[in-house]
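A.B. asks: Sequence and predicted structure are below.
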Amino acid sequence: MGTLAICTEDVDSDIYLALGLKELRKGAIGTPRILSILSSLLEKSVKKNEMQSVAVNIKDNVAVFHGLRAPTISIQHYIDRIFKYAGCSPSCFLVAYIYVDRFVQQTDMLLTSLNVHRLLITSVMVAAKFIDDAFFNNAYYARVGGVSTAELNRLEMKFLFSLDFRLQVSVKTFQRYCSQLQKESLEEHQIERPIKACGIKESWSSKSDTQCAPTVAR
């Protein structure tokens, strides 16, 4: 469907690079920092919503995104999987996050462990189609996301109509989300650094916790 036409020169270059939004060179090893930031924010949002609501009322207009049980794969690993196999640009994930934010505002839906994975694969697929020059068909994204093609087709249509097909993201909006994510990341790093130095992790499974480091900061 073409590119988003966001001129990265108009986006703060320091923030852009800090978030890892510059595409990796072919063959380069590593993942953009934006992935871990987004997964952390989504995980915190899910935990907050599920702690505050013992029973979440599912509205009929968004019930299609809710599964019967939460997937066993964590949000972090799910995002990493999408990045690994879908071949999306790093900016695609930020645009997908903007779409999810718009979707939540339009539908008043709470992010939970029952719907966040379906929202992720749907929003990333839609973002890839809109901003990336090359993308796969729905059947491929369905395999990556662990859902059937028919289900992903339904999710895509519900997602698009809920957004009123408002997929354009201005440079100003893109830059604002970049700044917000960078700020969130810096604040979280300042809080969690002493904890992580002692090998305490927030991930859902921690099989290789290290012993407490002798110091908490260099």
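C.D. replies: Cool, got the structure.

A.B. asks: For residue 63, list the residues it contacts.
C.D. replies: With contact set as Cβ atoms under 8 Å, 6 or more residues apart in numbering, residue 63 has no partners. Backbone N, C-alpha and C define where each C-beta goes, glycine included.

A.B. asks: same question, the one 3 residues further on
C.D. replies: Residues touching residue 66, when contacts are defined by Cβ under 8 Å, 6+ apart, comprise 58, 112, 114-115, 118.

A.B. asks: So which of the residues you listed are in strands?
C.D. replies: Among the contacts of residue 66, DSSP state E puts none in strands.

A.B. asks: quick one: least confident of those residues?
C.D. replies: Within the contacts of residue 66, the minimum per-residue pLDDT falls on residue 58 (60).

A.B. asks: Tabulate the contacts of residue 66 (JSON lines), appending distance to residue 180.
C.D. replies: Listed next are these as JSON lines, based on distance: Cβ to Cβ, whole Å:
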{"residue": "58", "distance to residue 180": "28"}
{"residue": "112", "distance to residue 180": "22"}
{"residue": "114", "distance to residue 180": "26"}
{"residue": "115", "distance to residue 180": "22"}
{"residue": "118", "distance to residue 180": "24"}
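
A.B. asks: Narrow those to those that are buried.
C.D. replies: Taking 16 or more other Cβ atoms under 10 Å as the criterion, what is buried in the contacts of residue 66 is 58, 112, 114-115, 118.

A.B. asks: just curious, which of those residues is nearest to residue 104?
C.D. replies: residue 115 (10.1 Å; Cβ to Cβ).

A.B. asks: separation between that closest one and residue 186?
C.D. replies: Counting by Cβ to Cβ, to the nearest Å, the separation of residue 115 from residue 186 is 29 Å.

A.B. asks: for this protein, what spans make up the helices?
C.D. replies: Taking DSSP state H to define them, one finds helices in the chain at 13-18, 33-52, 75-86, 90-107, 116-131, 138-145, 149-162, 171-197.
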